[in-house]
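Pasting the sequence and the predicted model now:
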Amino acid sequence: MSSAVATGRLLIVEDDETIRETVGDTLRSEGFEVLTHGNGADALRLLNDQSTGEIDLIVLDLMLPGMGGLDLCRELRRTSHQTPILVISARDSETDRVVGLEVGADDYLVKPFGLKELVARCRALLRRSRQMPDLDLPQTILHHENLSLFVRECRVTRNGVDLTLSPKEYKILELFIQNPKQVWSRDQLLEKVWGIDFVGDMKTVDVHIRWLREKIEEHPSTPKLIRTVRGFGYRFG
């Protein structure tokens with residue numbers, strides 16, 4: 001297998017044994033190491049156990065017994081777990097997709113799905129999550145009002161206090177600060193931040209913008225930094 005193909009250590013959380021085994025076998029055949037659990041509570045214990053080691057990606061069903069997928073996703077993000085999460089769900093309405101993204105999922109795949117598409121989504125999420133900063137670069141600090149962005153460290157402060165941003169939130173803010181006043185469409189943001197191979201829901205842009213506003217705006221409901229340009233997209237500054 002080519003070294004350019006993204007593989008890694010995955011956790012599948014799915015209560016349907018047939019789906020869990022089929023997905024697991026498929027991903028193993030593609031070179032992934034796969035762990036599985038049938039409920040959210042056990043998965044959470046596994047992820048919080050330091051002896052588990054690093055999990056590169058979580059494939060998460062929403063309709064789980066006990067702790068549901070949404071609650072698990074929300075709890076992981078609340079406790080600063082940054083592991084990429086691919087939701088797989090039979091719920092296919094736009095509202096369901098948006099809710100999944102709002103609680104912290106990185107992508108959303110509706111059942112029934114093709115196994116080739118599942119593998120492609122997993123690889124795309126892994127490639128994007130592994131885009132690490134180059135620590136050999138000289139330090140560059142970008143400023144905008146009370147925000148400071150430290151490029152080499154992928155770190156942002158507001159009024160001198162460190163902000164906890166997800167990788168995507170950081171990349172959006174970096175793009176905005178580097179291009180003040182420029183209007184960006186959702187398609188452009190998807191291409192620049194998520195990459196041209198992104199095959200998920202465009203609503204993820206709006207969700208990440210909402211999260212970013214909550215962290216950098218004094219009044220997120222009436223934003224002064226990230227402005228909505230009706231019918232097109234967003235402008236910073």
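Nice, I can see it. Here the structure is a predicted model, which means the values were calculated and not measured.

And the next helix or strand past the helix or strand of the chain with the lowest mean pLDDT?
Least confident helix or strand of the chain, by mean pLDDT, DSSP states H and E, is helix 94-102 with a mean of 83. Using DSSP states H and E, the next helix or strand after helix 94-102 towards the C-terminus is strand 107-110.

Output that following strand as PDB, nothing but the C-alphas.
Output in PDB follows, covering the C-alpha atoms of strand 107-110 (Å, rounded to 0.1, in the frame of the first residue of the first chain):
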ATOM      1  CA  ASP A 107     -18.400  15.000   8.900                       C
ATOM      2  CA  TYR A 108     -21.700  13.300   8.500                       C
ATOM      3  CA  LEU A 109     -22.500  10.200   6.400                       C
ATOM      4  CA  VAL A 110     -26.100   9.000   6.000                       C
END
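
counting contacts, what elements does it pack onto?
Under the contact definition 3 or more C-beta pairs under 8 Å, 6 or more residues apart in numbering; DSSP states H and E, strand 107-110 sits against strand 85-89, helix 94-102, helix 115-129. No exception for glycine: its C-beta is placed from N, CA and C like everyone else's.

In JSON lines: those, plus distance to residue 165.
Converted to JSON lines, the helices and strands packed on strand 107-110 look like this (distance: least, C-beta to C-beta, whole Å):
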{"stretch": "strand 85-89", "distance to residue 165": "17"}
{"stretch": "helix 94-102", "distance to residue 165": "16"}
{"stretch": "helix 115-129", "distance to residue 165": "14"}
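
just these: most buried one?
strand 85-89 (a mean of 24; mean count of other C-beta atoms under 10 Å).

residues contacting the residue nearest the centre of the chain?
Among the residues of the chain, residue 106 comes closest to the average C-alpha position under C-alpha atoms, centre = their mean, at 3.2 Å. Residue 106 makes contacts with 84-86, 125, 168, 200, 204, as judged by C-beta atoms under 8 Å, 6 or more residues apart in numbering.

coming back round to it: what's next to the least confident helix or strand of the chain, contact-wise?
Residues contacting helix 94-102 (C-beta under 8 Å, 6+ apart): 62, 70, 73, 87, 89, 108, 201, 203-204, 206-207, 210.

Please repeat the previous calculation with a cut-off of 7 Å.
Residues from elsewhere that reach helix 94-102, judged by C-beta atoms under 7 Å, 6 or more residues apart in numbering: 62, 70, 87, 89, 108, 201, 203-204, 207.

ok, residue 147 - contacts?
Residue 147 neighbours (C-beta under 7 Å, 6+ apart): 156, 158, 216.

Select only the buried ones of the residues you listed in ChimeraX?
Provided next is the ChimeraX selection string for whichever of these are buried by 16 or more other C-beta atoms under 10 Å:
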select :156,216
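
okay if I get the contacts of residue 147 as TSV plus distance to residue 142, secondary structure and pLDDT?
Converted to TSV, these look like this (distance: C-beta to C-beta, whole Å; DSSP: H, G, I helix; E, B strand; the rest coil; pLDDT from 0 to 100):
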residue	distance to residue 142	secondary structure	pLDDT
156	9	strand	90
158	13	strand	92
216	13	helix	94
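
Many thanks, we can stop here.
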